[in-house]
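Peer 1: Return a 3D structure for these sequence lines:
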Amino acid sequence: MSTSTKEKMTNFRWAICTLLFVATTVNYLDRQVLSLTFDEFIKPEFHWDESDYGKITGMFSIVYAIAMLFAGRFIDWMGTKRGFLWAIGVWSVGACIHALCGFFTEMYTGLDSKLELIQATGNVAVVIASVSTYAFIVARTVLAIGEAGNFPAAIKTTAEYFPKKDRAYATSIFNAGASVGALIAPISIPPLAKAFGWEMAFIIIGALGFIWMAFWVFMYKKPEVHPKVNKAELEYILSDRESGATEEKAVEAGQEKKLSFWECLRFKQTWSFAFGKFMTDGVWWFFLFWTPSYLNTQFGIKTSDGLGMGLIFTLYAITMLSIYGGKLPTIIINRTGQNPYAARMKAMLIFAFIPLVVLLAQPLGTISPWLPILLIGLGGAAHQSWSANIFSTVGDMFPKSAIATITGIGGMAGGLGSMLLQLIAGELFVYAGDTNMTFLGFAGKPAGYFIIFCVCAVAYLIGWTVMKSLVPKYKPITL
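Peer 2: Take a look at the predicted model:
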């Protein structure tokens, strides 16, 4: 029996996982401030409609997509510690500068106060809407560039600190930060905006990222050199690496082979991951960005109302069920002995069927606003479970040196899909409202929401089918 098996294993890897969870929570809090202040606070001040909001969220998505393509390479080049610091520093600055958009609009238009912005009419109102939209696009661009680094850095950290069999569970834990961030947002952001103004909501929430950076500086080191990781825990972390830890030796010798973008695109595994992200990321972002507006449009419920906060809180409380989604592949592996990829794809198929309940959101919404929220919450929980597992397929298939890059490529595909959905949704809602369009018994904007809900419901089954077609069996990439 080895010495490492006699000593009690430390569990510092879970402290690192907790840091990743908090980073993702802050990431989604920063992302949510706009959606929770849009309808009630920002829209009247800047004379926006859904098309303007769709442009802003759509541009966030495409910039995020492009930045994701480079974020993975940046994290691989800069290293996990410094790369993550740069990412959260940039997105925290981006979150805070949203507060300057109103000031910039006043300066450009020559108006002296928020009241004058609100009371403007005619061509002046059109200019205010246009200028403020572009100002927010600039702020969202900075936010998107920084936020693009979160998942490549977190996935790379997970690959460093967890064996393959535990990565989906660890990923589901830190990925649950998205749900927690969205859960905290409705009970914190609208009250902040109501008490101190929407600008202070952006500044206070944005400043949280700078606090996280201090913890990361002092807590993160690679497990091989971390004093908090004992020999038994390190042995467990490295338990399923190649025999002799050849990959680690190659890293130490500086001989680890890097994959270029074009080399990455040669593999079906890359396209499988990218298509799965393209089809499904936009669904989560649609729920994230549009649910507050949906409640106001459909039911006249404001985010600062007690009912509005309760509904949004309930939605994301349900998505917390996703923390068990990453555990399902481990259960399948333990019971069947299947390889991680096969078990993960089985779990993802189960999660792909759950969003079909969103098809009933609009019909049941005629009974109570709680029913569509419950169904959207189930769809969101399925998405987060799906997300934890689709991210882990990268670690299943690719060596550590390529993980952040492949994650970035998939993130770009997901951002592109989200951009298309956001832009289409914004234009569709304006068109539906202007023409009183009908769809399956609903008219106006509710008809537009019904159409988008239908798209969201079937996206996962389409994504899974194509992924399985491209990579039917476990086939890891060797360099």
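Peer 1: Can you list the residue ranges for strands in the protein?
Peer 2: Taking DSSP state E to define them, one finds strands in the chain at 438-439, 442-443.
Peer 1: so who does residue 378 touch?
Peer 2: 318, 354-355, 357-358 (CB atoms under 8 Å, 6 or more residues apart in numbering). Heads up, the C-betas are built off the backbone N, CA and C, glycines and all.
Peer 1: Try it again at 7 Å.
Peer 2: The neighbours of residue 378, taking CB atoms under 7 Å, 6 or more residues apart in numbering as the test, are 318, 354, 357.
Peer 1: do residue 21 as well
Peer 2: Here residue 21 is in contact with 173-174, 176-177 (CB under 7 Å, 6+ apart).
Peer 1: ok, it to residue 460 distance?
Peer 2: 24 Å (CB to CB, to the nearest Å).
Peer 1: where are the low-confidence patches of the stretch 351-479 of the chain?
Peer 2: 479 (pLDDT under 70).
Peer 1: Please verify my assumption that residue 165 contacts residue 334.
Peer 2: No - assessed by CB atoms under 7 Å, residue 165 is found out of contact with residue 334, at 8.8 Å.
Peer 1: Residue 100: how many residues sit nearby?
Peer 2: 16 (other CB atoms under 10 Å).
Peer 1: how much space between it and residue 135?
Peer 2: Between residue 100 and residue 135 the computed distance is 8 Å (CB to CB).
Peer 1: Kindly report the same for residue 334.
Peer 2: Look at residue 334 and residue 135: by CB to CB, they are 53 Å apart.
Peer 1: These two: who's more crowded?
Peer 2: Between residue 334 and residue 135, residue 135 has the larger neighbour count (other CB under 10 Å), namely 21 against 11.
Peer 1: you'd agree the more buried one is up against residue 103?
Peer 2: No - using CB under 7 Å, residue 135 makes no contact with residue 103, being 9.1 Å away.
Peer 1: what is in contact with those two at once?
Peer 2: Overlap of the contact sets of residue 135 and residue 103 (by CB under 7 Å, 6+ apart) is empty.
Peer 1: Can you pull out the low-pLDDT segments for the protein?
Peer 2: Scanning the chain for pLDDT under 70 picks out 1-6, 240-258, 479.
Peer 1: need the longest helix for it.
Peer 2: When the chain is parsed with DSSP state H, its longest helix is helix 400-435.
Peer 1: Buried ones in that one, by neighbour count?
Peer 2: Within helix 400-435, the residues that count as buried by 16 or more other CB atoms under 10 Å are 400-419, 421-430, 432-433.
Peer 1: Chain neighbours aside, what residue packs nearest to the spatially most central residue of the chain?
Peer 2: Geometric centre of the chain, nearest residue: residue 178, 6.3 Å, by CA atoms, centre = their mean. Nearest residue to residue 178 in three dimensions, chain neighbours excluded: residue 28, at 4.7 Å (CB to CB, 6 or more residues apart in numbering).
Peer 1: For that neighbour, give me its contacts.
Peer 2: The contact partners of residue 28, by CB under 7 Å, 6+ apart, come to 177-178, 181-182.
Peer 1: Closest to residue 93 out of those?
Peer 2: residue 181 (18.2 Å; CB to CB).
Peer 1: Could you tell me how many residues sit around residue 286?
Peer 2: By other CB under 10 Å, neighbour count at residue 286 equals 24.
Peer 1: same check, this time on the one 3 residues further on
Peer 2: Under the neighbour criterion other CB under 10 Å, residue 289 is assigned a count of 28.
Peer 1: list the contacts for it?
Peer 2: Per CB under 7 Å, 6+ apart, neighbours of residue 289: 35, 57, 422.
Peer 1: Serialize those residues to CSV and add fields for distance to residue 266.
Peer 2: As requested, those are exported to CSV (distance: CB to CB, whole Å):
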residue, distance to residue 266
35, 38
57, 33
422, 31
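Peer 1: Looking at those, spot the one nearest residue 365.
Peer 2: When the contacts of residue 289 are compared for distance to residue 365 (CB to CB), residue 35 wins out at 19.1 Å.
Peer 1: The closest one touches residue 294, doesn't it?
Peer 2: No - contact criterion CB under 7 Å: residue 35 and residue 294 do not qualify, at 10.3 Å.
Peer 1: Show the residue spans covered by the helices in the stretch 1-150 of the chain.
Peer 2: Using DSSP state H, counting those that start in this stretch, the helices of the stretch 1-150 of the chain run over residues 3-6, 12-37, 43-46, 50-78, 80-97, 101-109, 114-119, 122-147, 150-161.
Peer 1: Phi, psi for residue 11 please.
Peer 2: Main-chain torsions, residue 11, degrees, to the nearest 10: phi -130, psi 40.
Peer 1: Alright, calling it a day.
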